[in-house]
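# from the sequence below, what's the structure:
(one chain, ligands or ions: 2)
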Amino acid sequence: MAKQCIGLDIGSSAIKLVQLKPSGRVMGLQNFGIEPVQPQTIVDGVILNHGALVDAIKNLAKRIHLKGKDMALAVSGNSVIIKRLTIPSMEGAALDEQMEWEVRQNIPFSREEVLVDYEVLIKQTPTGQMEVLLVAAKREIVQQYLQVVRDAGFSPIIVDAAALALQNAVEGGVGFAAGEAVAIINVGATYSTLSIVSSGRPSFNRDLGIGGHTYTEAIQRHLGVSLDGAEAYKVGGAYAALGAQSDVVPQEVHRILWQVSEQVAEEFQRSIDFYMNDAIDARLGRIYLSGGSCLVPQLPKAIQDRSRVPVEIINPFARVVVDTRRFDVDYLRVNAPVATIAFGLAQRRPKDFE
Ligand SMILES: Nc1ncnc2c1ncn2[C@@H]1O[C@H](COP(=O)(O)OP(=O)(O)OP(=O)(O)O)[C@@H](O)[C@H]1O
Ligand SMILES: [Mg+2]
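Ligands and ions are numbered 1, 2, ... in the order given. Okay, here's the model as predicted:
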């Protein structure tokens, strides 16, 4: 078996790294780490401070004694478009040509601006059609991320859409049941990625501009505190709701965390309803949550109440062998859902992208 890529998920608030190693028929955890990213380093998916990001990756790699060079990265947000298409069944050069046409029809950027990849999901449906997943990402943005990783001394060899890495993570981490539709929602700092998978196949993807910052900004606005203060209140409030010390967190913060969770749940529901309106699946069997902001304890409950679908915070390492002498198990347990996209990337083996 070829060796695994290092999964690196570069976010606007933190870099998450996962390295796996095949160990018999299962995967073993080889390395894991999270490094904070300073505000204004990445804004709206665009890297504004190249040097700061290079340093963050270098610091992380040094701190966790990372070995290996090959990395798999993810891109998300407005610069990535994923579309599931139904076209007449075909293959080879005819399919390539058809996909070029589909790119021009379906992607709102000029052809020169984007990098494109596609994957055949179903070769032939009973009606002689085929289902293809088309992924396009803005070349300029992808190049920015590739350059950061290169300048940090690594070889970026795979660039995946975050939504697809998320699906890979759930598939490898807990698996999909046949005949069931599930939603996976990664709630980050600036973006949330919603992905609906039906019978193990990607059916619907959408990135929404809501996440941890939605909470932080609401606290800042209502309590008139700094961004840092609001962030501390948020995380403190989140821990307090889990039963820890709550003396320093004003009651008001809990109310805001609830209110914003309900707004965020409403926003997710709108996208799920949009998919459900013309989906063949009557309902979702489950909603998996990941990303740093799924640690706001009010959020899973708000989503479950709103959707009436069982909500589960994903543990991508559920089936991974972890050497408890090398890793802090408590740290890993809390942060495993945060590293879900990185885990999905870490399952990839070297393969070209373009
Ligand atoms: N214990 C916690 N309680 C509440 N929120 C938390 C907690 N830990 C992290 N967060 C929030 O999670 C967010 C970071 O999550 P994550 O690392 O998934 O985001 P990111 O990938 O950097 O962001 P994006 O993908 O949107 O650019 C921040 O908004 C942070 O405040
Ligand atoms: Mg993220």
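# which bits of this structure sit near ligand 1?
The chain has residues 11-14, 188-191, 211-212, 231, 234-235, 238, 291-293, 295-296, 338 near ligand 1, with proximity defined as Cβ under 6 Å from any ligand atom. Heads up, the C-betas are built off the backbone N, CA and C, glycines and all.
# hmm, 5 Å instead?
Taking Cβ under 5 Å from any ligand atom as the contact definition, the chain meets ligand 1 at 11-14, 188-191, 211-212, 235, 238, 291-293, 295-296.
# show me those that map onto helices.
Among these, the members falling in helices (DSSP state H) are 212, 235, 238.
# might one say that the last one is in contact with Pro297?
Right, Ala238. Yes: between Ala238 and Pro297 there is a contact under Cβ atoms under 8 Å: 5.8 Å.
# so for the two, which residue has more residues nearby?
The neighbour comparison of Ala238 against Pro297 (other Cβ atoms under 10 Å) goes to Ala238, with 21 against 18.
# for that one, what are its contacts?
By Cβ atoms under 8 Å, 6 or more residues apart in numbering, the residues touching Ala238 are 257, 295-297.
# just to revisit the earlier point, need the ones in helices among the residues of the chain next to ligand 1 in TSV (columns: pLDDT and distance to Met130).
Shown next, in TSV, are those (pLDDT from 0 to 100; distance: Cβ to Cβ, whole Å):
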residue	pLDDT	distance to Met130
Gly212	97	39
Val235	90	47
Ala238	70	45
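# tabulate those residues (a markdown table), appending distance to Gln38.
As requested, these are exported to a markdown table (distance: Cβ to Cβ, whole Å):
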| residue | distance to Gln38 |
| --- | --- |
| Gly212 | 15 |
| Val235 | 16 |
| Ala238 | 21 |
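# and the residues you listed, which is closest to Gln98?
Gly212 (40.6 Å; Cβ to Cβ).
# against Val148, how distant is the closest residue to Thr190 other than its chain neighbours?
Spatial nearest neighbour of Thr190, excluding adjacent residues (Cβ to Cβ, 6 or more residues apart in numbering): Ser12 at 4.9 Å. Look at Ser12 and Val148: by Cβ to Cβ, to the nearest Å, they are 13 Å apart.
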